[in-house]
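>>> Give me a model of this one.
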Amino acid sequence: MMRIALGIAGLGMFVLVLLAFFWVPPAKGFQDPGSARIILFHVPAAMISVFCFLAGGFFGWRYLRHRQLLDDARAVAANEVGMLFAILTTLTGMVFASQQWGKPWHWDPRQTTILILLLIYAAYFALRAALEDDRQRASLSAGYTVFAALTVPLLVFVLPRLPAIAERSLHPSNVLARKEGLDWFYRSGVYLGFLTYGALSLVLYRLRITLAQLEGQIHELADRVKHEHRHRVGWHLHLSAVASRTDQEAGE
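Here you go, the predicted model:
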C-alpha cells in the first residue's frame, strides 16, 4: 500500500508540474494570467490540510474514549501532515497574492483565517512539547485537538464566506463549486492535485506512525533495562521482534 501511494505521489507530482508549465493555459480574468496556474498546487494543499486536521480531531476524540496511546500517535501524525500542507497552502497563496495583487500579504480574510489556524495548531505542538508524561500529554492534547478541529470548518468555510467579509476579500471564491469557475484544463489539474497530495499525505502519515511506534519501542526497551522489568506503563504499541527476543533472553 505504501509503495503504491508513494508511486502515485511521485508520478502525480511529475505529471502535475508538466501540466502546470506546458498544458494548462493562462487563466482569463486575472491581473497576471500565467501565475494562476499555482491553483493546481494551492487548492489541493488547502483541502488536504483541512482533511488532516479533521482526522486529527477524530483520533483525539478516539483517544478520549478508549485511552489508547496509538490513537494519540495517529492524532499527532495527522496534525503534523495537516500543518505541513497548511504551510504549503500559505506559501503558495502568498506567491499568488504577490503576482496578482502586488505584495504577498494583504490581511485578506482568507489569509487571516489560515494564519489563525496555523497559530492554533502551533499552540497544539507547543502544548505537547511542554509535557513530559505520556498520559498527561496525550489527554490534554487530545482535548485540545478536538477543539481545534471544530474551528477548522469555521475558519476555512464559514467566516470567509460571510457576506460582510466576503465582499472585502480579493481571494477568488467557490471556483470549484461553480462550473464557470474553472475550465476543464484547470479542473482536471486540480483533481490530479487532489490525488497526488492525497497519496503524499498518506505516505507521510504512515511514516510518522511508524516513527512513533519505533519511539515507543525504544522507550519501552530503555525502561526495561533501567528498571529490570518487562512491562513499561505508558506506550502500548506493537513491539518488534527485537523486544521479543530481549524478553526471551531475560527469561533464560
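>>> where does the stretch 1-150 of the chain have low pLDDT?
For the stretch 1-150 of the chain, the stretches flagged by pLDDT under 70 are 29.
>>> Would you map the helices across the stretch 101-250 of the chain?
In the stretch 101-250 of the chain, the helices defined using DSSP state H, counting those that start in this stretch lie at 109-130, 134-153, 163-166, 184-227, 241-251.
>>> my guess is Ala73 contacts Gln213, does it?
Yes. Contact criterion Cβ atoms under 8 Å: Ala73 and Gln213 qualify, at 7.4 Å. All C-beta atoms are positioned from the backbone trio N, CA, C, and that covers glycine.
>>> Just want to know which of these two has more residues nearby.
A side-by-side neighbour count of Ala73 and Gln213, using other Cβ atoms under 10 Å, places Ala73 first with 23 against 17.
>>> From Ser49, how far off is that one?
As for Ala73, its distance to Ser49 is 19 Å (criterion: Cβ to Cβ, to the nearest Å).
>>> same check, this time on Gly193
Per Cβ to Cβ, Gly193 is found 13 Å from Ser49.
>>> Next: Leu211.
20 Å.
>>> tell me the contacts of Leu200?
For Leu200, the contact set (Cβ atoms under 8 Å, 6 or more residues apart in numbering) comprises 5, 9, 13.
>>> Please flag which of these sit within helices.
5, 9, 13 (DSSP state H).
>>> Looking at the residues you listed, which is nearest Ile39?
Met13 (15.7 Å; Cβ to Cβ).
>>> Leaving out chain neighbours, which residue sits closest to the closest one?
Using Cβ to Cβ, 6 or more residues apart in numbering and skipping residues adjacent in sequence, the residue nearest Met13 is Thr196, 5.4 Å away.
>>> just Ile209 next, same as before
Nearest to Ile209 is Ala77, by Cβ to Cβ, 6+ apart, at 5.2 Å.
>>> contacting residues for the one you found?
So Ala77 contacts 204-205, 208-209, 212 (Cβ under 8 Å, 6+ apart).
>>> Dump these to TSV, plus distance to Gly82, neighbour count and pLDDT.
Shown next, in TSV, are the contacts of Ala77 (distance: Cβ to Cβ, whole Å; neighbours: other Cβ atoms under 10 Å; pLDDT from 0 to 100):
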residue	distance to Gly82	neighbour count	pLDDT
Leu204	10	19	96
Tyr205	10	19	97
Arg208	11	18	94
Ile209	14	17	94
Ala212	16	19	88
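>>> Low-confidence ranges, the stretch 151-252 of the chain, go.
173-182, 226-252.
>>> which of the residues in stretch 45-63 are buried?
For stretch 45-63, a neighbour-count test (16 or more other Cβ atoms under 10 Å) marks 45-63 as buried.
>>> quick one on the thing from earlier: return the member of the contacts of Leu200 nearest to Ser139.
Nearest to Ser139 out of the contacts of Leu200 is Ala5 (Cβ to Cβ; 31.4 Å).
>>> thinking Leu195 is in contact with Leu11, fair?
No. If you go by Cβ under 8 Å, Leu195 and Leu11 don't touch, sitting 10.0 Å apart.
>>> Looking only at neighbour counts, state which of the two leads.
Neighbours per residue (other Cβ under 10 Å) separate Leu195 from Leu11, with Leu195 holding more: 15 against 12.
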